[in-house]
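Participant: when you get a sec, could you give me coordinates for this:
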Amino acid sequence: MKLSKQEKAARRAAFQKMEAKEKLDYILTYYKHYILLVLTALILLGSVVHHALTKKEAVFYLGLINVSIGDDLTFSLNKEYLDKTGTDFRKNEIVLYPGMYLSEDAATENHSYAYASRIKLLGAINSRKLDAVLMNREAYNLLSKSGFLADLSVLLSDNPTLLEQIQPYLTANEVVLSDNRIEYELNEADTREIISESAENGIDTSAFSLFKYAGFSDPVYFGIIANSPRTDRLLSFLSFLAAS
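Facilitator: Numbering: from 1, shown residues only. The predicted structure is shown next:
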């Protein structure tokens with residue numbers, strides 16, 4: 001109900017005569033909802049501002065498949081590379097996708113995990129939010145067969161100096177061009193036919209100083225996703241690895 005001028009004046013006068021504690025009780029009783037709304041708005045605004053000020057730009061996206069890396073290597077991959085390229089570490093980062101798992105023979109307890117990882121991997125590739133991967137041999141074989149990895153000898157053909165630096169560490173793997181598995185399993189084909197070719201689509205990181213002392217018991221491979229829109233940055237990263 002709208003108050004008259006006289007009623008408003010009377011309430012102001014009564015409020016002014018109250019003691020400090022009474023004024024506080026009065027404000028909390030009649031205006032607590034407004035106070036909560038204002039506080040909520042301020043918290044949300046502060047959160048948005050903080051996120052905008054602290055958010056880092058993705059230099060590129062790196063997936064970790066069947067491998068894990070510690071905090072020290074994570075920091076080194078980011079800090080040392082960004083420092084080398086003169087990029088502000090406070091505002092930029094290599095974004096990691098940790099904990100992905102791929103296997104052709106996943107045990108029952110890991111089957112759902114492997115399936116979820118494959119869906120995540122495909123989603124990231126299709127949205128062009130995955131540029132490169134660090135992987136063990138099993139994951140390397142699976143990604144290579146599926147044609148997800150770029151042929152590095154082709155990718156580096158316009159950069160002979162970098163290709164020469166990377167050549168000792170390049171590894172070749174099978175890329176399946178066609179496979180009639182579905183037709184064969186449906187009895188629509190008499191024989192299983194797989195057509196494949198070899199491509200240099202992986203790099204053994206064992207010789208690079210960043211990885212040599214990282215505690216890996218088996219070889220870890222680096223590969224570039226074929227549809228990556230950030231290949232210039234990835235070639236810069238390869239140059240950094242070759243010089244390490």
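Participant: how near is Gly63 to Gly86?
Facilitator: 26 Å (C-beta to C-beta, to the nearest Å). Every residue, glycine included, has its C-beta placed from N, CA and C.
Participant: kindly apply the preceding question to Leu170 instead.
Facilitator: With C-beta to C-beta as the criterion, Leu170 and Gly86 are 28 Å apart.
Participant: where does the protein dip in pLDDT?
Facilitator: 1-19, 22-35, 38-39, 41-55, 106-109, 179-180, 184-186 (pLDDT under 70).
Participant: and the strands in the protein?
Facilitator: 57-65, 92-100, 132-135, 170-179, 194-204, 221-224 (DSSP state E).
Participant: hang on, the earlier thing: tell me which of Gly63 and Gly86 has more neighbours.
Facilitator: Gly63 (27 against 6; other C-beta atoms under 10 Å).
Participant: so Leu62 sits against Leu96, correct?
Facilitator: Yes: Leu62 lies in contact with Leu96 (C-beta atoms under 8 Å); the separation is 5.5 Å.
Participant: between the two, which one's more packed in?
Facilitator: Set side by side, Leu62 and Leu96 show more neighbours around Leu62, with 24 against 15, by other C-beta under 10 Å.
Participant: could you give the bridge partners of the more buried one?
Facilitator: Note on Leu62: beta-bridge partners by DSSP bridges are Leu96, Ala132.
Participant: quick one: it and Glu197, what's the gap?
Facilitator: In this structure, Leu62 and Glu197 are 27 Å apart, going by C-beta to C-beta.
Participant: do I have it right that Arg57 meets Ile94?
Facilitator: You called it Arg, but residue 57 is Glu. No: contact between Glu57 and Ile94 fails when scored by C-beta under 8 Å: they sit 10.7 Å apart.
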